[in-house]
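Visitor: I need the structure of the sequence given here:
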Amino acid sequence: MWPTLSVILHNPGVRVSAISIFFFGLTGATTAPFMSLIGIHELGLSNAHYSLLIFAASCINVVASVLVGAFADRMGHFRLPMMAVSLFGIIGYGAVYLVPHQMVFVVCTLCCLPVFGALNSLIFANVRSASSHMPVRDLIAVNSGVRAIISASWVLVPGVVGFMLAGSSSMLPAFLYACLGAFACFLLYVLFLPKAERGAPAATHSKFLASIFSVASPGLLLRLLAVALISSMMQMNGVILPLLVVGPAHGTNADVGVLVGIVAFLEIVFILFWGWVERRSSSVLILAIGAVLYCGYLFLLGFATTPWQVYLLTPLAGLGAAAIISVPISYLQNLIADRAGLGSSLIAVNMFLSGGLNSLVFALGTRVSDYAFTAKLGAVVGLLGVVMMMVMEKPRLRPSRSV
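Guide: Residues are numbered from 1 along each chain as shown. Prediction:
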């Protein structure tokens, strides 16, 4: 852990990115748990309209991430795009807090927050660019450390915000905290992120479009699909765990909160562990092992009939989830290795695809049988992703020489 922190702290670009990703994580951690409550209960959106709004926002986030990433590659640096995208977060979160109206919520959720969400990809792209001169082992450690930091924000922040808003008649102050988090990101980039050196001339319009269309190449799409199938298990767990705990496992809502907290804490520890292992092995092999472990967790979850059985599965869940969370970052970036911005935008594409696949699997599983069967089906789908990746990436099963 200390070597990882040392590498992060001694590189100004990586250090600022690591600090800012905590605040970026804070913006999501403060608002995501209360987003539906604010939109539906406080501002009066219907369930159908809210679902459509969230789906449209997800689509816009993917498009924004790809376009902003390609534009940053064209510029040759990430500082200015990161500053601009941060402003969207300040405006979006701030407007909802200051003007709590249904139309303002809809406009900000569609036009501002999805663009701000592209900051996640830009931060990892900047980390990639700033650490390109590092030895492979240090670069792997940096990616693991930065990913652990955003996980830490999701462990620490929701409970603190929930405590601060306990007894409050409105959850809207969460948007104020998120606005301050986005403002902190903006200040970090303005004041502390090293200014970009003069790079190569900007790409032509045709090359800019070609770089965007390169995302649609068959080989890349198949690899994206494999990773999305694996990542869909995480999405499935987020949906199915509460339903199984309070249903067949006969637990309570408190059990759900404790279980999520335990796994989130374990993820931080195991992300650093997998980073240490990845430095001595192959990222493809590590992702495959972690995914198989998570398949086992999700499959066994479908058999749980008491809360203590679910608690026993938390180490397995944390170990597998840590690999699925952290390792795909480098893997996806390597799919377009010569363009850090566009390669990192695949992180957002993967999140969108995995969410869509999870929706389909959940709908199919619950239509055919019950929640327990759906959890097992999600594990089988994830295993299919592992098989696809292993078939397509046989050469990468050897210890990697580049990240």
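
Visitor: Please work out the average pLDDT along the strand or helix carrying M236.
Guide: According to DSSP states H and E, M236 maps onto helix 218-246. The average pLDDT for helix 218-246 rounds to 91.

Visitor: Then stretch 168-176?
Guide: Averaging pLDDT along stretch 168-176 yields 88.

Visitor: same check, this time on stretch 315-326
Guide: Averaging pLDDT along stretch 315-326 yields 94.

Visitor: which parts of it are buried?
Guide: With burial defined by 16 or more other Cβ atoms under 10 Å, the residues of stretch 315-326 counted as buried are 316-326. In this view, the C-beta of every residue, glycine as well, is placed from N, C-alpha and C.

Visitor: I'd like these as JSON lines, with distance to L180 and secondary structure appended.
Guide: Putting these into JSON lines (distance: Cβ to Cβ, whole Å; DSSP: H, G, I helix; E, B strand; the rest coil) gives the following:
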{"residue": "L316", "distance to L180": "37", "secondary structure": "helix"}
{"residue": "A317", "distance to L180": "32", "secondary structure": "helix"}
{"residue": "G318", "distance to L180": "30", "secondary structure": "helix"}
{"residue": "L319", "distance to L180": "34", "secondary structure": "helix"}
{"residue": "G320", "distance to L180": "34", "secondary structure": "helix"}
{"residue": "A321", "distance to L180": "29", "secondary structure": "helix"}
{"residue": "A322", "distance to L180": "29", "secondary structure": "helix"}
{"residue": "A323", "distance to L180": "33", "secondary structure": "helix"}
{"residue": "I324", "distance to L180": "31", "secondary structure": "helix"}
{"residue": "I325", "distance to L180": "26", "secondary structure": "helix"}
{"residue": "S326", "distance to L180": "27", "secondary structure": "helix"}
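
Visitor: quick one on the thing from earlier: mind listing what's buried along the helix holding M236?
Guide: Those would be 220, 223-237, 239-245, for helix 218-246 by 16+ other Cβ under 10 Å.

Visitor: Report the two of the buried residues of stretch 315-326 separated the most.
Guide: Pairwise distances across the buried residues of stretch 315-326 (Cβ to Cβ) peak at 16.7 Å, for the pair L316 and S326.

Visitor: Just the terminal-to-terminal distance for stretch 30-37.
Guide: Using Cα to Cα, to the nearest Å, one end of stretch 30-37 lies 13 Å from the other.

Visitor: How far away from the center of its chain is that stretch?
Guide: The chain centroid and the centroid of stretch 30-37 are separated by 16 Å under Cα atoms, centre = their mean, to the nearest Å.

Visitor: Then stretch 121-136?
Guide: 17 Å.

Visitor: Could I have the CA atoms of that stretch written out in PDB?
Guide: Extracted C-alpha coordinates of stretch 121-136, given in PDB (Å, rounded to 0.1, in the frame of the first residue of the first chain):
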ATOM      1  CA  SER A 121     -13.000   8.800 -17.900                       C
ATOM      2  CA  LEU A 122     -10.900  12.000 -18.200                       C
ATOM      3  CA  ILE A 123      -9.300  11.500 -14.800                       C
ATOM      4  CA  PHE A 124      -8.200   7.900 -15.700                       C
ATOM      5  CA  ALA A 125      -7.000   9.200 -19.100                       C
ATOM      6  CA  ASN A 126      -5.000  11.900 -17.400                       C
ATOM      7  CA  VAL A 127      -3.500   9.300 -15.000                       C
ATOM      8  CA  ARG A 128      -2.600   7.200 -18.000                       C
ATOM      9  CA  SER A 129      -1.000  10.100 -19.700                       C
ATOM     10  CA  ALA A 130       0.900  11.500 -16.700                       C
ATOM     11  CA  SER A 131       2.200   8.000 -15.800                       C
ATOM     12  CA  SER A 132       3.200   6.900 -19.300                       C
ATOM     13  CA  HIS A 133       6.900   7.200 -18.500                       C
ATOM     14  CA  MET A 134       6.600   5.000 -15.400                       C
ATOM     15  CA  PRO A 135       7.700   1.400 -15.200                       C
ATOM     16  CA  VAL A 136       4.900  -1.100 -15.800                       C
END
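
Visitor: average pLDDT for that stretch?
Guide: 87.

Visitor: Buried residues, that stretch. List them.
Guide: Here stretch 121-136 shows 121-131, 134 as buried, counting by 16+ other Cβ under 10 Å.

Visitor: May I see the residues you listed organised as JSON lines, with distance to A84 and secondary structure added?
Guide: Converted to JSON lines, the buried residues of stretch 121-136 look like this (distance: Cβ to Cβ, whole Å; three-state DSSP):
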{"residue": "S121", "distance to A84": "14", "secondary structure": "helix"}
{"residue": "L122", "distance to A84": "10", "secondary structure": "helix"}
{"residue": "I123", "distance to A84": "14", "secondary structure": "helix"}
{"residue": "F124", "distance to A84": "17", "secondary structure": "helix"}
{"residue": "A125", "distance to A84": "14", "secondary structure": "helix"}
{"residue": "N126", "distance to A84": "14", "secondary structure": "helix"}
{"residue": "V127", "distance to A84": "18", "secondary structure": "helix"}
{"residue": "R128", "distance to A84": "19", "secondary structure": "helix"}
{"residue": "S129", "distance to A84": "17", "secondary structure": "helix"}
{"residue": "A130", "distance to A84": "19", "secondary structure": "helix"}
{"residue": "S131", "distance to A84": "23", "secondary structure": "coil"}
{"residue": "M134", "distance to A84": "27", "secondary structure": "coil"}
